[in-house]
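Q: Fold the following, please.
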Amino acid sequence: MESGDCNGLRPRMRIIPEMPAFPDLKSPIVMEGSQAEERQGFGDLINSNGKMELEYVISKKLQLKMKAEHLRCDLIRQFDSHVSELVDSLIEESVSLEPTPLPANFSPSMSDKERSKLRSIRPPNGEGKQFVNRRSLLDELFEVNHIRTIYHMFIALLILFILSTLVVDFIDEGRLVLDFDLLVYVFGQFPLVVCTWIYMCVSASLVPFMLFQTWAQSQCGSGGHPRLWSLLYGSAFLLYQAVGLGFLPTYVAVSNSLPPASSFIVILEQVRLMMKTHSFVRENVPRVLSAAKEKNDSVPLRPHINQYLYFLFAPTLIYRDHYPRNPLIRWGYVATKLLQVLGCLFYAYYVFVRLCIPQFRSISLQLFDLRSLVLGVFNSILPGALVLFLAFFALLHCWLNAFAEMLRFADRMFYKDWWNSTSFANYYRTWNVVVHDWLYYYVYRDFLLMSGMRFRAAAMFFVFTVSAVVHEYILAICFGFFYPVLFCLFMCFGMMFNFILHDRRRGPIWNVIMWTSLFLGQGVIICLYCQEWYAQRYCPITEVLHRLSIFPHELLRLICLLPAFLSGVAEAPVLELPPPKRRHGRVLGDVTSDMCIDPNSDQSIPCELRVEKGRGDQPLGYCHASLRV
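A: Next up, the predicted model:
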């Protein structure tokens with residue numbers, strides 16, 4: 001049996017041939033004819049030009065490596081562009097997606113509750129802003145190490161600001177000064193701010209909703225005179241907007257002389273609530289009128305109070321009954337964003353302390369001329385750019401994302417990539433998407449609807465006017481004076497650049513021009529408003545011009561100095577002022593009357609010394625005695 005098995009396996013076995021015997025490496029290899037000659041010639045080439053061949057191989061490898069690197073960058077760039085185009089096309093397709101038209105006699109098996117929910121999710125007439133689940137752009141970019149390094153650079157700059165402030169204070173005072181007088185001042189009277197904010201929130205939560213519910217009941221009910229009721233409730237709503245949300249908070253801020261940051265909180269909340277209540281009424285009135293016209297009382301189109309309250313605190317200005325929601329709240333993310341807001345607040349404090357106050361606090365000792373104005377503008381570009389970045393990061397990214405996370409609000413597109421804009425038209429659309437959406441749907445489109453879809457240029461001009469007036473109103477109440485710098489920049493240069501730097505400008509040079517114009521505008525804003533701030537406090541106008549106190553004091557100073565210019569006097573007299581009183585290294589006092597010595601005539605003339613709390617031996621600013629009466 002064994003022999004049979006072996007015989008059965010033998011045919012399947014393959015005979016492995018023997019390996020040929022290679023000659024010893026040390027023994028000479030015998031080659032025939034041309035092969036031996038080529039091998040010998042190649043050896044001679046290596047022996048004679050070995051160094052040259054090695055350099056050639058290394059250079060070839062480096063070239064291949066560079067080509068591979070360029071190819072990798074091109075592939076990544078193309079892949080990123082294709083993915084971005086694909087995502088944009090998908091979003092546009094989802095926005096423009098319309099339901100298939102059905103016959104009039106077709107009635108799907110759907111309950112009234114399901115129909116109501118479907119109508120509340122979809123905007124009226126298939127138009128309007130679509131809310132989808134998406135993250136903020138900076139949250140995605142910070143996952144890239146290269147972008148996160150820029151964030152770390154700003155943190156390092158903040159550390160240097162803190163160190164420089166501590167070192168200078170230690171040299172001047174002989175001790176570490178850790179108080180924050182400027183922050184304490186700008187956030188003064190904070191309990192009054194909280195009470196005013198509570199009043200605005202409670203009134204905005206009750207009055208517009210109750211007025212709308214009562215009006216909707218009168219429209220859908222069996223009572224007569226619907227137009228009369230619409231006129232009555234519409235007038236009541238406009239009266240509440242003008243007095244309840246418009247006049248009273250402004251009166252509180254002005255009559256109590258709230259500091260800038262406190263006034264900013266009150267006025268910004270006032271504008272936010274007015275825009276939200278307008279959106280609530282604007283989105284729901286057409287639904288009620290359509291239901292009343294169709295005599296369809298079975299479908300509950302009126303929103304619930306919980307939907308309205310959620311909208312009041314959600315980071316959007318466009319009302320919807322339902323928004324996309326996240327399943328969980330990341331409290332660590334909320335804490336991080338709130339801490340970043342606090343860090344931006346201290347960052348702005350050090351920017352003003354180190355870059356703005358030392359430059360402008362002695363403005364009253366300088367003659368108002370073109371040279372000082374130009375130098376002030378260019379010296380204000382750096383703090384203006386930092387304030388721009390801090391305001392964007394603190395408000396539009398951190399603050400809105402913190403509230404969106406606490407409310408599980410999933411649509412986080414509060415801004416777009418405005419830093420890549422090559423036109424001011426695109427910059428205005430992407431800088432603040434929240435406000436832009438409100439202006440587009442409730443100002444621009446409503447203007448076109450009322451004008452029969454004509455006068456697009458007039459509609460755009462009207463949008464710029466509304467935006468400029470509101471921005472200037474906020475700054476006027478916060479600073480306590482009317483100085484329409486921002487209004488002029490909006491209406492003049494903003495409108496001009498909007499048409500010159502339009503969307504057809506695609507090259508990178510236009511992005512450079514956009515950034516240059518933006519930085520220069522920030523320098524103009526910081527310089528002129530800071531000059532006017534100190535002119536208001538250290539150069540009060542005379543009794544003759546007291547009735548013109550609404551105008552900027554810088555303009556009135558120029559009017560006062562006009563006779564000196566006409567008479568040939570090039571400079572104002574330099575006055576020797578008495579040193580201010582000091583206690584524990586701080587300047588004390590408010591306004592003191594004293595005698596100043598005019599060096600030109602050696603005569604004593606009456607003047608006033610106005611001093612604020614500050615550091616060092618010098619007060620924060622004086623007034624020209626020539627401007628006194």
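Q: Now do the SS call for residue 77.
A: Secondary structure, DSSP: H, G, I helix; E, B strand; the rest coil: residue 77 is helix.
Q: Tell me how many other residues crowd it.
A: Neighbourhood size, residue 77 [other CB atoms under 10 Å]: 10. For every residue, glycine as well, the C-beta is placed using N, CA and C.
Q: how about low-confidence regions in the stretch 101-250 of the chain?
A: Applying pLDDT under 70 to the stretch 101-250 of the chain flags the ranges 101-127, 221-224.
Q: Could I get the full set of helices for it?
A: 112-121, 137-141, 145-173, 181-186, 190-220, 226-239, 248-255 (DSSP state H, counting those that start in this stretch).
Q: tell me what the last one is packed against?
A: Identification of packing neighbours for helix 248-255 by 3 or more CB pairs under 8 Å, 6 or more residues apart in numbering; DSSP states H and E yields helix 190-220, helix 260-294, helix 456-479.
Q: most packed of those?
A: Of the helices and strands packed on helix 248-255, the one with the most neighbours on average (mean count of other CB atoms under 10 Å) is helix 260-294, at a mean of 19.
Q: Counting by contacts, list what that one packs against.
A: By 3+ CB pairs under 8 Å, 6+ apart, helix 260-294 packs against helix 181-186, helix 190-220, helix 226-239, helix 248-255, helix 305-313, helix 456-479.
Q: Kindly present these as a markdown table, with separate columns for distance to residue 325.
A: Output for the helices and strands packed on helix 260-294, formatted as a markdown table (distance: least, CB to CB, whole Å):
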| stretch | distance to residue 325 |
| --- | --- |
| helix 181-186 | 36 |
| helix 190-220 | 21 |
| helix 226-239 | 29 |
| helix 248-255 | 31 |
| helix 305-313 | 10 |
| helix 456-479 | 31 |
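Q: what's the closest of those to residue 333?
A: For the helices and strands packed on helix 260-294, the distance to residue 333 is smallest for helix 305-313, at 17.6 Å, taking CB to CB.
Q: what packs against that closest one?
A: helix 190-220, helix 260-294.
Q: tell me the angle the shortest one makes with helix 260-294.
A: Between helix 190-220 and helix 260-294, the angle comes out at 10 degrees (axes from the mean of the first three to the mean of the last three CA atoms, to 10 degrees).
Q: still on that earlier bit, what would the helices of the stretch 101-250 of the chain look like in TSV with distance to residue 60?
A: Compiled in TSV, the helices of the stretch 101-250 of the chain are given as follows (distance: least, CB to CB, whole Å):
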stretch	distance to residue 60
helix 112-121	62
helix 137-141	38
helix 145-173	31
helix 181-186	63
helix 190-220	71
helix 226-239	78
helix 248-255	73
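Q: Put together a markdown table for the helices and strands packed on helix 248-255, with distance to residue 339 on each row.
A: Shown next, in a markdown table, are the helices and strands packed on helix 248-255 (distance: least, CB to CB, whole Å):
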| stretch | distance to residue 339 |
| --- | --- |
| helix 190-220 | 20 |
| helix 260-294 | 19 |
| helix 456-479 | 25 |
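Q: Quick one: closest of the ones you listed to residue 511.
A: In terms of CB to CB, the element of those nearest to residue 511 is helix 456-479, at 22.2 Å.
Q: Helices along the stretch 401-550 of the chain, start to end?
A: Using DSSP H, counting those that start in this stretch, helices in the stretch 401-550 of the chain cover 424-430, 433-439, 445-450, 456-479, 485-488, 495-500, 508-538.
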